[in-house]
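Asks: got a predicted structure plus its sequence, pasted below:
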Amino acid sequence: MEFVVAGWHPAAGGAAPQLRLDWRRFSYAGKFVMTNTGKAVLRDGPPGDGEFDEGVLAAVAFNEDRTEPAAAWLRYVTVREDRRGEGLGPQLCAETTERLLARGYERIRIAVNNPFAYEALYKAGFGYTGWTTGVAELILERPADRDPSRYRAGLDRFRDRNLTDAERQFLADRTEPPDW
């Protein structure tokens, strides 16, 4: 498996690429054809010459914060449907974050809207900031305060929501941060 920064966002002097992800296999596939974000992928083979970027297992889009130049945001994270649950999302986010920090960004942020993504990003080294977006997403950041009480506070924000049975069970099983 190979990690590749497919292109940097225009604010960082890059020419942001378009990824052609198969919408039947990837959530948010349409977000990866936009050219205003950088992209990074985990892939298990060359891009290929077909209609879609066949070798991609997981992808993330990222850009610089418009109001705080020392911060960057991971925007959309997607893992190919048949590879979910293998830890590819946290691995991709951790690798991308390291590259962004190495480029001089001081903070990397991501907003999550479900407890599964919350825990996956915690595994990637992110921590809950205590902030939410205007659409009730929780904002996580690296470097982060990884105190267990802060982790639990983030989980508690999800507990009062209209959840699926799987999300309710997931939260019932979680009280402490995962070991990673």
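Replies: Ah, there it is. Numbering: from 1, shown residues only.

Asks: measure the most centrally placed residue in the chain to Pro148 for me?
Replies: Against the mean C-alpha coordinate of the chain, by Cα atoms, centre = their mean, the closest residue is Val77 at 4.2 Å. Computed as Cβ to Cβ, to the nearest Å, the Val77 to Pro148 distance reads 24 Å. Placement of C-beta: from N, CA and C, glycine included.

Asks: how about the nearest residue to Thr133 once chain neighbours are set aside, phi and psi?
Replies: The spatially closest residue to Thr133, leaving aside those adjacent along the chain, is Ala111, at 5.0 Å (Cβ to Cβ, 6 or more residues apart in numbering). Comment: the main-chain dihedrals of Ala111 come out as phi -110, psi 130, following degrees, to the nearest 10.

Asks: could you list the buried residues of the lengthiest helix in the chain?
Replies: Assignment by DSSP state H gives helix 88-102 as the longest helix of the chain. Using 16 or more other Cβ atoms under 10 Å as the test for burial, helix 88-102 gives 88-97, 99-100.

Asks: hey, what's Gly38 bridged with?
Replies: Phe62 (DSSP bridges).

Asks: wait, doesn't it sit right on His9?
Replies: Yes. Gly38 lies in contact with His9 (Cβ atoms under 8 Å); the separation is 4.0 Å.

Asks: out of those two, which sits in the busier spot?
Replies: Residue environment comparison for Gly38 versus His9 gives the larger neighbour count to Gly38, 27 against 21, counting by other Cβ atoms under 10 Å.

Asks: end to end, how far does stretch 44-53 reach?
Replies: Start to finish, the residues bounding stretch 44-53 are 11 Å apart (Cα to Cα, to the nearest Å).

Asks: ok so, going back, for the longest helix of the chain, output the C-alpha coordinates as CSV.
Replies: Extracted C-alpha coordinates of helix 88-102, given in CSV (Å, rounded to 0.1, in the frame of the first residue of the first chain):
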residue,chain,number,x,y,z
LEU,A,88,-7.3,3.0,6.4
GLY,A,89,-9.1,6.2,7.3
PRO,A,90,-7.1,6.9,10.4
GLN,A,91,-3.9,5.9,8.7
LEU,A,92,-4.5,8.2,5.8
CYS,A,93,-5.5,11.1,8.1
ALA,A,94,-2.4,10.6,10.2
GLU,A,95,-0.1,10.5,7.2
THR,A,96,-1.7,13.6,5.6
THR,A,97,-1.5,15.5,8.9
GLU,A,98,2.2,14.7,9.2
ARG,A,99,2.8,16.1,5.7
LEU,A,100,0.8,19.2,6.4
LEU,A,101,2.7,19.8,9.7
ALA,A,102,6.0,19.3,7.9
